[in-house]
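Peer 1: I'd like to go over a predicted model; first the sequence, then the structure.
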Amino acid sequence: MEASKFSENYPEILKSLKAIYAAKMLEVEQRFLFSEFHGSQLRKSDFEAKPMVMLLGQYSVGKTSFIEYLLKRKFPGERVGPEPTTDRFVAVMYGDEDQIVPGNALSVDEDQPFHGTNEFGSSFLSKFEASKCKADILKNITLIDTPGVLSGEKQRLGRAYDFIQVTEWFASRSDLILLLFDAHKLDISDEFKEAIEQLRGNDDKVRVVFNKCDMVNTQQLMRVYGALMWALGKVIRTPEVLRVYLGSFWDKPYAAQGKENEKLFEAETKDLLEDLLALPKNSAVRKINELVKRARLVRAHAYIISHLREKMPLMFRKESTKADLIENLGREFAEIERVYKIPPGDFPNLAKMQDLLKAHDFSDFPKASERLFQQIEDVMTKDLPKLMKLMAPAPTSAIAHNPFAQEPWIISAQMKETYDAVFFGLNPKNGYLDGAAARDPLMATGVAIDDLRKIWDLCDFERDGNLDSDSFALALFLSEAAKQGKKPPPVLPISFVPPSKRRKYAAAVQAKMQQQKH
């Protein structure tokens with residue numbers, strides 16, 4: 001099985017992304033000190049980097065062996081054992097010859113996307129390296145091996161860098177995050193729990209690999225699988241169930257007690273490999289999605305900084321005012337949310353922001369700039385949505401050849417993924433957004449209220465004032481069309497109706513026609 005290729009319009013999309021960032025987003029970031037709070041500015045290498053897959057787990061769950069399994073060979077510098085052996089972050093990358101590149105060299109290499117690791121200092125860089133080797137899968141993706149997490153304080157105290165911050169940095173830049181567990185290590189240590197919690201905001205990237213499942217029989221597997229889901233449910237608080245891949249990911253035969261599940265393991269392994277190998281094909285969508293998330297954070301950050309500046313007195317009681325603003329930062333977030341209609345999911349981590357603000361003089365913060373605020377709004381409502389049109393698939397002729405084929409949905413899978421990123425960023429409850437939560441992103445499109453009212457009526461298929469991810473995607477699609485002058489249709493064409501809603505929609509239309517006859 002070979003890795004998929006990058007999409008044909010990938011170079012054009014990359015060029016547009018770099019232009020949007022350099023022309024519009026970078027100015028806002030620099031003006032409002034974004035890099036001092038949320039990491040360094042993006043460079044060319046960040047846009048051009050291959051998709052990254054980060055492996056995260058406790059010690060001896062098989063992270064390094066898993067990489068070896070994917071590569072079908074050993075990689076330079078690898079260490080495998082029952083004790084904690086990987087004590088560093090390792091970027092496993094393609095190279096014509098085997099080579100190990102130290103972290104300090106990686107951090108200054110303009111062709112590599114690791115310049116941001118400089119912020120963690122030489123203590124981290126001495127524990128970071130690239131392992132280059134020749135393996136087909138590495139031609140289009142990069143794997144990030146991480147140190148195994150131990151229980152208790154021993155390993156935390158032994159590190160000279162902040163493991164959680166480094167993990168968060170790599171997570172934000174990864175296309176896929178694999179949490180590895182094995183059938184005999186289901187406990188989640190405090191540090192591992194903290195690392196998983198820092199993945200919030202990257203939930204759509206997270207998958208679980210349940211390794212060494214051949215070491216238990218079917219009955220035991222059902223029990224440990226249930227225990228794993230129970231343990232994860234206490235840490236990852238999302239209404240969606242995580243995708244879990246069951247198997248034994250190394251090059252040795254299955255253990256005797258796991259032979260009865262061999263077909264299951266092979267099917268799960270096939271699914272996992274397909275997901276990994278499809279990353280290059282979906283890379284363009286992912287990069288657009290990540291820039292949308294960054295733009296939303298930049299917008300929220302700009303409002304926060306200018307808001308705190310406005311709250312400062314001209315002369316007296318500056319220190320006490322600053323202390324009050326930091327202590328009650330949640331109150332200020334709520335005010336910004338209310339006044340500027342910023343969705344709560346766009347705000348940065350409260351505790352982290354409180355800590356970072358302590359080192360700054362709020363009186364030196366820049367004042368609000370309507371021009372820059374509008375500039376970042378244009379990025380989210382005009383520039384990036386235009387790029388999504390490049391992702392539209394070629395017209396299919398399935399309907400012409402098959403009279404029983406279902407008419408495809410007007411919203412492509414790539415567009416749906418971007419809309420879903422907005423949907424899940426609004427913290428849906430039980431898979432739904434109510435009117436209050438969905439209002440702000442729809443209002444942000446700038447569409448007239450009358451048109452938004454019609455769009456809501458068209459998309460609220462259940463007539464209960466709530467939208468699921470399919471209905472919300474259609475609402476955003478129709479809003480973007482209205483923004484370009486295309487009025488909402490009086491009745492939805494069947495190609496506009498989400499496939500999950502078509503049967504109920506058709507029944508409702510038929511019932512309405514029957515009523516009109518009588």
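Peer 2: Thanks, I have the structure now. Residues are numbered from 1 along each chain as shown.

Peer 1: now the longest helix belonging to the chain: buried residues?
Peer 2: As assigned by DSSP state H, the longest helix anywhere in the chain is helix 283-311. For helix 283-311, the neighbour count (16 or more other C-beta atoms under 10 Å) marks 283-309 as buried. In this view, the C-beta of every residue, glycine as well, is placed from N, C-alpha and C.

Peer 1: got the contact list for V497?
Peer 2: By C-beta atoms under 8 Å, 6 or more residues apart in numbering, V497 lies in contact with 409, 474, 505.

Peer 1: nearest residue to the second one in space, please, no chain neighbours.
Peer 2: Nearest-residue entry for L474: C459, 5.0 Å, with adjacent residues in sequence omitted and distances by C-beta to C-beta, 6 or more residues apart in numbering.

Peer 1: which stretches of the stretch 51-200 of the chain form strands?
Peer 2: 52-57, 89-94, 99-102, 128-133, 142-145, 176-182 (DSSP state E, counting those that start in this stretch).

Peer 1: same list (the contacts of V497) but as CSV, adding secondary structure and pLDDT.
Peer 2: Converted to CSV, the contacts of V497 look like this (DSSP: H, G, I helix; E, B strand; the rest coil; pLDDT from 0 to 100):
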residue, secondary structure, pLDDT
W409, coil, 88
L474, helix, 93
Y505, helix, 75
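
Peer 1: which one of those residues is nearest D111?
Peer 2: Closest approach between the contacts of V497 and D111, by C-beta to C-beta: W409, at 39.6 Å.

Peer 1: which residues does K341 contact?
Peer 2: Residues in contact with K341 (C-beta under 8 Å, 6+ apart) are 440, 443-444.

Peer 1: for P488, which three-state class applies?
Peer 2: Under DSSP: H, G, I helix; E, B strand; the rest coil, the three-state class of P488 is coil.

Peer 1: report the separation between it and E337.
Peer 2: 28 Å (C-beta to C-beta, to the nearest Å).

Peer 1: more neighbours, these two?
Peer 2: Using other C-beta atoms under 10 Å, the more surrounded residue of P488 and E337 is P488, with 21 against 17.

Peer 1: how much space is there between the closest residue to that one other than its chain neighbours and F333?
Peer 2: Counting by C-beta to C-beta, 6+ apart, P488 lies nearest to K454, which is 4.4 Å off, once chain neighbours are set aside. Distance, K454 to F333, by C-beta to C-beta: 33 Å.

Peer 1: what do you get for S320?
Peer 2: S320 is 20 Å from F333, by C-beta to C-beta.

Peer 1: who's more crowded, those two?
Peer 2: The neighbour comparison of S320 against F333 (other C-beta under 10 Å) goes to F333, with 20 against 10.

Peer 1: what inclination does the strand or helix carrying the more buried one have with respect to helix 283-311?
Peer 2: Secondary structure assignment for F333, by DSSP states H and E: helix 329-340. Interaxial angle of helix 329-340 relative to helix 283-311 (axes from the mean of the first three to the mean of the last three C-alpha atoms, to 10 degrees): 100 degrees.

Peer 1: the helix or strand just after helix 329-340 vs helix 329-340, what angle?
Peer 2: Once the chain leaves helix 329-340, the next helix or strand it forms, by DSSP H and E, is helix 350-357. Using the same axes, to 10 degrees, the direction of helix 350-357 lies 100 degrees away from that of helix 329-340.

Peer 1: helices or strands next to helix 350-357 in the packing?
Peer 2: If you count contacts as 3 or more C-beta pairs under 8 Å, 6 or more residues apart in numbering; DSSP states H and E, helix 350-357 packs onto helix 35-38, helix 318-327, helix 329-340.

Peer 1: thanks a lot, catch you later.
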